[in-house]
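J.: Sharing a model that was predicted from the sequence below.
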Amino acid sequence: MTAERFLRWTPLDLIRVSTEYLADRGVPQPRLDAELLLAHVLDMDRLHLYLEHERPLVADELDRYRELIRRRGRREPLQLLVGSVQLHDLHFEVAEGVFIPRPETEVLIEAAAGLPLPEGALVVEVGVGVGCVGLSLLHRRPDLRLVGWDLSPRAVELSRRNAERLGLTDRAEFLVGDAFLEEAAARWEGCGLVVSNPPYVALGERERLQPEVIEHDPPEALFSGEDGLDAIRALSRHAERHLVGGGWLAFEHGESQEEKIGELLARGPWEGVLCRRDLAERPRVTIARRSQRS
């Protein structure tokens, strides 16, 4: 193909061809991904792709776009290809080797943001990843403080960078390590909200995961024992121990885990247990309040 032919490719031509290419390779939302990758290359939003639908691409733009489409066809996550993920109105940098948040995590952010936390409350996040949950809460509530842990130094570094870019470093502290160890207990003192998107995939469900997940997210951020609930059990135990009376627990989980989680929390000092659903009406997030009486 000559350089002259390159110059005749317009956004609509590329979107059409790329959509077919991605669909043939099993990409779940081929047209949307084709549009988002082209918008990334041209540094414009999706609307302007159609407002400027006759704008021809130059050779360099076309080369970069075709390479991204090839990589997406190999099922590399869209978020890694563009370098960020958007949740609500905030963008978070992502990187290979750190768990990539999906749109379902917006349900957790909404649920936690709607809780009646006292002014100046401390939020403890277990497993921060890119920092999207805790930092979203700080962005919405200028009075909140955050302490977040992750076992991955790379995740903590990424969370710190996202906090700096969002101007939230003065209220956010990210630590490398295990939040459940005894030496971490002092950092939970006065905690009013424990929030987490923990690993919750059962070991036997590995084959059901999309290539974007199983080949690019770290296994320790995905799998949690035979029934997928090991991390949630540990989370509830430590939240029970450290939360102030009337404090809140909020965490994401799998769509088939609602009943077992309800049974688990029924054995502890929890009240007002409620499961929130995602846009597809699947159980996605559980919130619970620690009783004042115990």
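T.: That came through, no problem. Source: prediction; values computed, not measured. Residues are numbered from 1 along each chain as shown.
J.: which one is the residue nearest the centre of the chain nearest to, not counting chain neighbours?
T.: The centre of the chain sits closest to residue 101, judged by C-alpha atoms, centre = their mean, with a distance of 1.9 Å. Distances taken as C-beta to C-beta, 6 or more residues apart in numbering place residue 132 nearest to residue 101, at 4.9 Å, with adjacent residues excluded. Using the backbone N, CA and C atoms, a C-beta is placed for each residue, glycine as well.
J.: correct me, but the one you found touches residue 84?
T.: No - here residue 132 does not reach residue 84: they are 10.5 Å apart, not a contact under C-beta atoms under 8 Å.
J.: what is in contact with these two at once?
T.: By C-beta atoms under 8 Å, 6 or more residues apart in numbering, residue 132 and residue 84 have these common neighbours: residue 92.
J.: quick one: which of those two has more around it?
T.: A count of neighbours by other C-beta atoms under 10 Å puts residue 132 above the other of residue 132 and residue 84, at 28 against 15.
J.: Could you measure from the more buried one over to residue 286?
T.: 19 Å (C-beta to C-beta, to the nearest Å).
J.: distance of the residue nearest to residue 101 from residue 177?
T.: In terms of C-beta to C-beta, residue 132 sits 20 Å off from residue 177.
J.: do the same with residue 243
T.: 20 Å.
J.: higher neighbour count, those two?
T.: Taking neighbours as other C-beta under 10 Å, residue 243 and residue 177 compare with residue 243 leading, 23 against 14.
J.: Now the residue nearest to the centre of the chain. Its backbone dihedrals?
T.: Note on residue 101: backbone dihedrals following degrees, to the nearest 10 are phi -70, psi 140.
J.: Residue 195 now?
T.: Torsion angles, degrees, to the nearest 10, at residue 195: phi -130, psi 140.
J.: How about the one 3 residues further on?
T.: Recorded main-chain torsions at residue 198 are phi -80, psi 170, according to degrees, to the nearest 10.
J.: Who's the closest spatial neighbour of it, skipping the chain neighbours?
T.: residue 231 (3.9 Å).
J.: Which strand or helix spans that neighbour?
T.: Residue 231 belongs to helix 230-242 when assigned by DSSP states H and E.
J.: got a list of contacts for that helix?
T.: In contact with helix 230-242 (C-beta under 8 Å, 6+ apart) are residues 124, 126-127, 179-180, 185, 188-189, 191, 194, 196, 198-200, 224-225, 247, 249, 251, 253, 257, 261, 264-265, 268-270, 290.
J.: Figure out how far it is from the centre of its chain.
T.: 21 Å (C-alpha atoms, centre = their mean, to the nearest Å).
J.: Buried residues in stretch 223-240, which are they?
T.: 223-224, 227-236, 238-240 (16 or more other C-beta atoms under 10 Å).
J.: any idea which of those residues is closest to residue 173?
T.: residue 238 (17.8 Å; C-beta to C-beta).
J.: what separates the closest one from residue 76, distance-wise?
T.: 35 Å.
J.: now swap in residue 98 and tell me
T.: For residue 98, the distance to residue 76 - C-beta to C-beta - is 15 Å.
J.: who has more neighbours, the two?
T.: residue 98 (25 against 17).
J.: quick one: pLDDT of the spatially closest residue to that one that is not a sequence neighbour?
T.: Nearest non-adjacent residue to residue 98, counting by C-beta to C-beta, 6+ apart: residue 155, 4.7 Å away. You'll see residue 155 listed with a pLDDT of 97.
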